[in-house]
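Colleague: heads up, no residue letters with this:
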């Protein structure tokens with residue numbers, strides 16, 4: 001676990017635009033080049049247009065030319081550690097493959113998973 005990602009995800013969580021759900025999430029993604037990309041959830045009144053923190057961080061990294069990733073942290077304030085939603089799991093697999101994903105909360109609780117544990121039968125280019 002790359003501990004420096006936790007405070008970055010925590011800090012980025014505060015930038016979340018979550019006026020409807022009040023559920024703020026922050027993410028920090030470490031690329032193989034050593035750069036860190038952060039993201040927060042951004043809600044929209046049309047719920048389908050909402051973006052999760054994980055996808056924001058990944059899309060920022062991809063838009064900057066990154067293609068390989070080492071680790072992803074997701075921080076939320078919830079009664080239990082919050083895993084990525086289904087859409088995020090697909091995006092994480094597509095762009096990060098079997099990356100370690102660390103789930104954390106504001107109290108410092110955390111758990112680490114491989115993406116293959118969170119999405120055991122992924123749909124990817126091998127299916128095409």
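Modeller: Nice, I can see it. These numbers were taken from a predicted model, which means no experiment stands behind them. Numbering: from 1, shown residues only.

Colleague: CA atoms for contacts and neighbours, from now on please.
Modeller: Fine.

Colleague: I would like the residues contacting stretch 98-113, please.
Modeller: Contacts to stretch 98-113, defined as C-alpha atoms under 8 Å, 6 or more residues apart in numbering, come from residues 1, 6, 10, 69-78, 80-83, 114-116.

Colleague: again, only this time at 10 Å
Modeller: Residues outside stretch 98-113 that contact it (C-alpha atoms under 10 Å, 6 or more residues apart in numbering) are 1-2, 5-7, 9-10, 25-29, 68-84, 92-93, 114-119.

Colleague: Please apply the same query to stretch 13-25.
Modeller: With contact meaning C-alpha under 10 Å, 6+ apart, stretch 13-25 is reached by 7, 9-12, 26-28, 38-45, 47, 50-54, 74-78, 82, 105.

Colleague: how would you label residue 28: helix, strand or coil?
Modeller: The three-state label given to residue 28 by DSSP: H, G, I helix; E, B strand; the rest coil is strand.

Colleague: From residue 79, how far out is the residue nearest to it when sequence neighbours are not counted?
Modeller: Leaving aside its sequence neighbours, residue 28 sits nearest to residue 38 (C-alpha to C-alpha, 6 or more residues apart in numbering; 4.4 Å). Distance check for residue 38 against residue 79: by C-alpha to C-alpha, to the nearest Å, it reads 23 Å.

Colleague: helices or strands up against the helix or strand in which residue 71 is found?
Modeller: For residue 71, the element it lies in under DSSP states H and E is strand 69-76. Under the contact criterion of 3 or more C-alpha pairs under 10 Å, 6 or more residues apart in numbering; DSSP states H and E, strand 69-76 touches helix 5-13, strand 25-31, strand 36-40, helix 53-63, helix 86-96, strand 100-104, strand 110-114.

Colleague: Give me the buried subset of the contacts of stretch 98-113.
Modeller: Buried residues within the contacts of stretch 98-113, counting neighbours by 16 or more other C-alpha atoms under 10 Å: 5-7, 9-10, 25-29, 68-77, 81-84, 92-93, 115-116, 118-119.
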